[in-house]
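A.B. asks: Have a look at this prediction, sequence included:
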Amino acid sequence: MIAALRPRWNRWLARRIPAAASVRLNQRRIFIIPSRVGAAFMLALLLMLLAAINYQNSLAYSLTFLLASVFVVAILHTYRNLAGLILKAGSAPAVFMGEQAVFRVRLESSERPYQAISLGWPPTELQTQDVPALAVSESLLSLPALQRGWLRPGRLRVESRFPLGILVAWSWVDLDQRVLVYPRPLAGDLPLSAGVNQDPDEQGSRPHGQGVDDYQGLKSYQPGDSKRRLHWKAYSRGQGLLVKDFASISGRDLHLDFAALAGDTEARLSLLCHWVLQLSERQQPFALSLPDNLLGVDSGEIHRDACLRALALYGQPS
């Protein structure tokens, strides 16, 4: 029955609390019910009332009604601790499959402070934090990235049990967040078909250029050179900033081709992901060919990110 009602519940939530990058909690978006402690509290009040009626004890009546009034006042304070709170979606960096995707959620107060605000995606444990008055509090929430492509966490649960814990006020908000998940890098040999075609007339030649295979020595640092190649020992000896210089075996650029690889789709994408990272780290120009996409020869972070994005979204619905 729950499974049958869930689609209706989701459609109702989508109409009542539509997806948005910024959500302000108000009366239409906050739900409140007694917690387990509150249910036990109400049961205790009922037993106290029955005892007061049975014994016609004025003090028992007074205590029962006093505690009942505390319960009613707690409803207002629990609701007030969520009302007016603003939730905003923060940036979410891309991750590789198998890593933890981190989502940033900003909690903003436009007037009063908020205490013990809990948020997260059940069944994972909710994070609890305070939001000072007229201030911003940022929360980092994580989910495992189990498959490549876009990871959409779904509706976020925001709740408060402040001040007494006998009631829980909550809301389900959709901040329209998503994280791009790259394939898991898989180390392997670079297939010959993914490189240049061998030309018998050029065997034995080693044209020099920016490459990764042969160490040539040191050269002066130039803006844009990889900091991973900095020679810190030379810098400590007062020789200035020097970087390690390499020459490639071939002056031609590499061509990573999905169709030239063997194995299933995910294994091919993982191997290509590994070589995109390796060649980008070494600043080796390369091209990437997928059945539905072709990225020309280039190098640098922008080219690397474009290739990783193409690998992540390969075969995914647009």
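C.D. replies: Cool, got the structure. These numbers were taken from a predicted model, which means no experiment stands behind them.
A.B. asks: Can you report phi and psi for D174?
C.D. replies: phi -110, psi 110 (degrees, to the nearest 10).
A.B. asks: from what I can see L25 touches W170, true?
C.D. replies: No - L25 is not in contact with W170 according to CB atoms under 8 Å; the separation is 9.9 Å. C-betas here are computed from N, CA, C, even on glycine.
A.B. asks: so what's I17 closest to, chain neighbours aside?
C.D. replies: R29 (5.2 Å; CB to CB, 6 or more residues apart in numbering).
A.B. asks: That neighbour is in contact with S171, isn't it?
C.D. replies: Yes - R29 lies in contact with S171 (CB under 8 Å); the separation is 5.0 Å.
A.B. asks: what touches both of the two?
C.D. replies: Common neighbours of R29 and S171 (criterion: CB atoms under 8 Å, 6 or more residues apart in numbering): I17.
A.B. asks: So if I had to pick from those two, which one is more boxed in?
C.D. replies: Neighbour totals were compared for R29 and S171, and S171 leads with 25 against 19 (other CB atoms under 10 Å).
A.B. asks: Would you agree that one is in contact with F31?
C.D. replies: Yes - counting by CB under 8 Å, F31 is a contact partner of S171 at 6.7 Å.
A.B. asks: Who are the contact partners of the residue nearest to I17?
C.D. replies: 16-17, 23, 171, 173.
A.B. asks: what does L119 give?
C.D. replies: If you count contacts by CB under 8 Å, 6+ apart, L119 has them with 87, 105, 107, 126-127, 139, 141, 156-159.
A.B. asks: These, buried ones only, as a PyMOL selection?
C.D. replies: Here is the PyMOL selection string for the buried members of the contacts of L119, based on 16 or more other CB atoms under 10 Å:
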select buried, resi 87+105+107+126+139+141+156+157+158+159
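A.B. asks: Please parse the chain into its domains.
C.D. replies: 24-182, 184-193+250-318, 214-247 (automatic domain parsing).
A.B. asks: Could I get the full set of helices for the chain?
C.D. replies: 2-16, 36-55, 58-80, 232-236, 265-281, 301-312 (DSSP state H).
A.B. asks: what angle do the third one and helix 36-55 make?
C.D. replies: Per axes from the mean of the first three to the mean of the last three CA atoms, to 10 degrees, the angle that helix 58-80 makes with helix 36-55 is 160 degrees.
A.B. asks: Mind listing what's buried along helix 58-80?
C.D. replies: The neighbour-count check on helix 58-80 (16+ other CB under 10 Å) flags 60-61, 64, 68, 71, 74, 78-80 as buried.
A.B. asks: Show me what that helix is in contact with.
C.D. replies: So helix 58-80 is contacted by 30, 32, 38, 41-42, 45, 48-49, 51-52, 160-164, 166-169 (CB under 8 Å, 6+ apart).
A.B. asks: cutoff 10 Å now
C.D. replies: For helix 58-80, the external contacting residues (CB atoms under 10 Å, 6 or more residues apart in numbering) are 25, 27, 30-32, 34-35, 38, 41-42, 44-55, 57, 83, 112, 114, 159-169.
A.B. asks: Make a ChimeraX selection of the buried ones in those residues.
C.D. replies: Selection of buried members from the contacts of helix 58-80 for ChimeraX, criterion 16+ other CB under 10 Å:
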select :25,30,32,34,35,38,41,45,48,49,52,83,114,159,160,161,162,164,165,166,167,168,169
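A.B. asks: Many thanks, we can stop here.
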